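>>> I would like to see how this sequence folds:
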Amino acid sequence: MSYLVLARKWRPKSFDTLVGQEHVVRALSHALATGRLHHAWLFTGTRGVGKTTISRILAKALNCETGVTATPCGVCSSCQEIDAGRFVDYVEMDAASNRGVDDMASLLDKAAYAPTRGRYKVYMIDEVHQLTGHAFNAMLKTLEEPPAHMKFILATTDPQKIPVTVLSRCLQFNLKQMPPGHIVDHLSRILEQEGVPFEAGALRHLARGANGSMRDALSLLDQAIAHGAGRVEEQGVRDMLGSVGEDQLYALVEGLADQDLPAMLAVADEMQARSLSFEAALQAFASLLHRLALTQFAPQAITDTLERAQLEALAARFEPEFLQLAYQIAIHGRDDLPLAPDPYAGFTMTLLRLHAFRPEMPGEARAGGAAAPAGGAPRARPLPTTPQVRPTQAAAAPRAHPADPAAPRAATSAPAATPREPASDPEPEPAVTDESEQGAFEPAFDQGYEQVFEPDFAPPAPPPFAPPYSSAPQASPHPPASVPDRSAVAIDEARADWHAMVDAMRLGGLVRELAQQCELIGIDPALVRLRLPETHKHLASMQSTRDKLQEALSALLGRNVKAGIEIGAVASETPAQRNQVEKQRRHAEAVAALEADPFVREVIERFDATLVASSVKPLA
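Have a look, this model is predicted:
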């Protein structure tokens, strides 16, 4: 007797032995048990998920000699002939080769006759989406009201190509792809009954290579048995599929956790020597990163207890943020492989990106030092940050009363002497690294407002700069040349002109827009307090924008300050509002000037013209 391939030998003969389609089996079993039999069923799904198999089981259930039942006997002549493909009242038609209207007309002509052997005539049309439009039209009436003895079973891998007029006449069932766990279990049972020794790791490779198709898995199993000379071993299956083994994938992850780039490149060299697919390697690597992320957030999603224990040990060595970044790098690296000079270069470049792009992890020093985690695994390298600087003594000193004009100059003429620092030495103090020292300058915000941001660092000390505002509100926004001393800031800050400050900082882009939409609440030695309306709070959402505003304020005031932005209703006119009022005033003046122009008036009167005010733009 000739050899029968596993996909045909182990095709399920009943609903009880069908794997992975429980939702379809439940619906069909209840319909058969209660006698609620529709005249047309449509099964959709990818290749090898059981469309033809379910069709044959359903044909046996309808024509079994024991009666219409969800559990056909499988031993009567009708069941055996259907399994053998020679039952006269069960017809399987391939629409790919019989797709014309003539083929459909011939089929429907035969349908008018009563069954020869069975209880029902069952017509199974495979890949029905390949029928022509005329063929679909020819079958519509019969499909809607077929003879009582006729049943239609349609199968397709592309239901989108089926006309809605056909879909509306059928009960549609979507068959799912086989989960890898179901495939492994089914292959294990088959190999045990076939008496073929196997390794569990080999079956996992076959399940992944099948991509959800049980028929593909059985075909690959046939090939693996032949490749291994009657044995199914993991190494042999990996060589046959050209796939990366779990030991190589875990070696990559170990090297990534240890920041051991030579170890990661050694895996790439081994893959190149064995001519393994780098694209498949990146796909498998991304899948492993996905399972690691699942282990961190939802470990119950990993059903294999042995795999879960192995993944938990690795997942504890990575921050969740880095796993997300590594996953993105892996899938984008796979997309970039066709653009690389060669697959090896594209794969190793992806490994280099994984090694180079590492976000700052919690517990690391902001000045550049790395703190090791509790588990002993090395942390990722921190990103460079701006060093923290303690405000100068002049900035931290209490402000002098405005009534005493000599006090500020005296306060800044000579720094106060300390036991560690002579009065004659104006050297700035070193950068603050202790968080307790930084806390001395943390501002307290009003309880009635929502704090948008409060920076945790101060920019480097800028050169002295005279603020362009005076203590009197009516004074000119430009400072007199006789006040170059930065100590004058301590006097004028109590009545500062925020509009003039914004103009003097010469900001641009989003930074200028943020400053113009704020109002100044007050200026403290180490803090500039601003209030931003609720409608513009999105302007303060970007850290880089707030940092640039803070640096500009520090440069303007001549000392390191923080910019604290609160959300709330503004009580005074913001620079943006003032600019809008000024723009409207200038526009009104320009319109009035045009209307008063003799030439314009003559054109309007002679030609009945109209001056479009919105088109008028005042000169700069």
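>>> so where's this structure shaky on pLDDT?
1, 243, 359-495, 620 (pLDDT under 70).
>>> Which helix runs longest in it?
helix 575-596 (DSSP state H).
>>> between whichever helix or strand comes after it and helix 575-596, how many degrees?
Moving toward the C-terminus from helix 575-596, the next helix or strand (DSSP states H and E) is helix 598-607. For helix 598-607 against helix 575-596, the angle between stretch directions is 60 degrees (axes from the mean of the first three to the mean of the last three Cα atoms, to 10 degrees).
>>> how far away is the closest residue to residue 337 other than its chain neighbours from residue 102?
Nearest residue to residue 337, sequence neighbours excluded (Cβ to Cβ, 6 or more residues apart in numbering): residue 346, at 4.3 Å. (Glycine included, C-beta is placed from N, CA and C.) Counting by Cβ to Cβ, to the nearest Å, the gap between residue 346 and residue 102 amounts to 52 Å.
>>> Show me where the stretch 151-300 of the chain has its helices.
For the stretch 151-300 of the chain, applying DSSP state H, counting those that start in this stretch gives helices covering 164-167, 180-194, 200-210, 214-227, 234-241, 246-258, 261-273, 278-297.
>>> My read is that the residue nearest to residue 337 contacts residue 332, right?
No - assessed by Cβ atoms under 8 Å, residue 346 is found out of contact with residue 332, at 10.9 Å.
>>> In terms of neighbours, single out the busier of these two.
residue 346 (20 against 13; other Cβ atoms under 10 Å).
>>> wait, what's in contact with that one?
278, 333, 336-337, 339-340 (Cβ atoms under 8 Å, 6 or more residues apart in numbering).
>>> Please identify the helix or strand for residue 70.
If you go by DSSP H and E, residue 70 is not part of any helix or strand.
>>> So what does it have for phi and psi?
phi -80, psi -10 (degrees, to the nearest 10).
>>> number of nearby residues for it?
19.
>>> Return the distance of it relative to residue 203.
Using Cβ to Cβ, one gets 31 Å for the distance from residue 70 to residue 203.
>>> likewise residue 84?
From residue 84 across to residue 203, the span is 30 Å (Cβ to Cβ).
>>> Residue 281 touches residue 246, doesn't it?
No - applying Cβ under 8 Å, one finds residue 281 not in contact with residue 246, separated by 11.9 Å.
>>> Look at those two and report which has more neighbours.
Shown here are residue 281 and residue 246; by other Cβ under 10 Å, residue 281 has more neighbours (24 against 17).
>>> Next, work out how far apart the spatially closest residue to that one that is not a sequence neighbour and residue 89 are.
Spatial nearest neighbour of residue 281, excluding adjacent residues (Cβ to Cβ, 6+ apart): residue 244 at 4.4 Å. According to Cβ to Cβ, residue 244 and residue 89 sit 50 Å apart.
>>> of those two, who's got more company?
residue 244 (26 against 23).
>>> Please tell me how far the more buried one sits from residue 206.
From residue 244 over to residue 206 (counting by Cβ to Cβ), the distance is 15 Å.
>>> for residue 349, same thing?
Taking Cβ to Cβ, one finds residue 349 at 31 Å from residue 206.
>>> The closest residue to residue 563 other than its chain neighbours: neighbour count?
Nearest in space to residue 563, with sequence neighbours left out and distances taken as Cβ to Cβ, 6+ apart, is residue 550 at 4.3 Å. Residue 550 is flanked by 23 other residues according to other Cβ under 10 Å.
>>> Assumed residue 550 was part of a helix.
Yes - counting by DSSP: H, G, I helix; E, B strand; the rest coil, residue 550 is part of a helix.
>>> Correct me if wrong: it contacts residue 564.
No - counting by Cβ under 8 Å, residue 550 sits too far from residue 564 to count as a contact (9.6 Å).
>>> Residue 2 - how many residues pack around it?
Neighbours around residue 2, by other Cβ under 10 Å: 3.
>>> Which one's more surrounded, residue 84 and residue 203?
Neighbour totals were compared for residue 84 and residue 203, and residue 203 leads with 24 against 8 (other Cβ under 10 Å).
>>> Phi and psi next, for residue 564.
Dihedral angles (degrees, to the nearest 10) for residue 564: phi -100, psi 120.
>>> Please apply the same query to the one 4 residues further on.
The phi and psi torsions at residue 568 (degrees, to the nearest 10) take the values phi 180, psi 180.
>>> returning to what we had before: comparing residue 349 and residue 206, which residue is more hemmed in?
The neighbour count for residue 349 versus residue 206, taken as other Cβ under 10 Å, is higher for residue 206 (27 against 15).
>>> For that one, give me its contacts.
Taking Cβ under 8 Å, 6+ apart, one finds 183, 187, 217, 220-221, 224, 237, 241 in contact with residue 206.
>>> Let me see the contact set for residue 542.
By Cβ under 8 Å, 6+ apart, the neighbours of residue 542 are residue 510.
>>> This completes my enquiry, with thanks.
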